[in-house]
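# Got a predicted model here, sequence first, then my questions.
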Amino acid sequence: MKPIVHGLEPRWQARDVTFVAVNVDEPDGRQYAEDMQVDGIPRFEFYRGGKVVAEALGYQKAEQLEANLEKIASAK
């Protein structure tokens, strides 16, 4: 998934979108996963105004992720 996400990142930076990866193999990542009740990886959370507005679980094609980003970016 990293290559897909990294490929999308430059196109979305101009639209003020930040991508953050959490490694669940690290102590802080495990705690985050536990706190957020992550039940599968990869898991994508889409935030707007500090709140989760959409989620996606499992492998996602670049087109699927971009469609989610477009939907969220176009919502006001």
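Received, thanks. Every value quoted in this text rests on a predicted model; they were computed, and no experiment measured them. Residues are numbered from 1 along each chain as shown.

# Who are the packing partners of the helix or strand hosting Glu63?
Taking DSSP states H and E as the definition, Glu63 sits inside helix 62-74. Applying 3 or more C-beta pairs under 8 Å, 6 or more residues apart in numbering; DSSP states H and E, we find helix 62-74 packed against helix 2-13, strand 43-48, strand 51-57. For the C-beta atoms, the positions are set from N, CA and C on the backbone; glycine is no exception.

# For stretch 28-47, buried residues please.
Ala33, Val38, Pro42, Phe44, Phe46 (16 or more other C-beta atoms under 10 Å).

# Can you list the neighbours in contact with it?
Stretch 28-47 is contacted from outside by 1, 22-24, 52-60, 65, 68-69, 72, using C-beta atoms under 8 Å, 6 or more residues apart in numbering.

# Ok, stretch 56-65 next?
So stretch 56-65 is in contact with Met1, Ile4, Val5, Gly7, Leu8, Asp39, Gly40, Pro42, Arg43, Phe44, Phe46, Asn68, going by C-beta under 8 Å, 6+ apart.

# how distant is it from the center of its chain?
Its chain's C-alpha centre and that of stretch 56-65 lie 9 Å apart, by C-alpha atoms, centre = their mean, to the nearest Å.

# Could I get the average pLDDT for that stretch?
Averaging pLDDT along stretch 56-65 gives 92.

# now swap in stretch 23-40 and tell me
Computed over stretch 23-40, the average pLDDT equals 86.

# any idea how far Gly29 is from Val20?
11 Å (C-beta to C-beta, to the nearest Å).

# ok, so what distance separates the residue positioned nearest the centre of the chain from Lys71?
Nearest to the geometric centre of the chain sits Phe44, at 3.6 Å (C-alpha atoms, centre = their mean). Noted for Phe44: a distance of 13 Å to Lys71, by C-beta to C-beta.

# Equivalent analysis for Leu8, please.
In terms of C-beta to C-beta, Leu8 sits 14 Å off from Lys71.

# just Ala14 next, same as before
When Ala14 is compared with Lys71 (using C-beta to C-beta), they lie 18 Å apart.

# out of these two, which sits in the busier spot?
Set side by side, Ala14 and Lys71 show more neighbours around Lys71, with 12 against 7, by other C-beta atoms under 10 Å.
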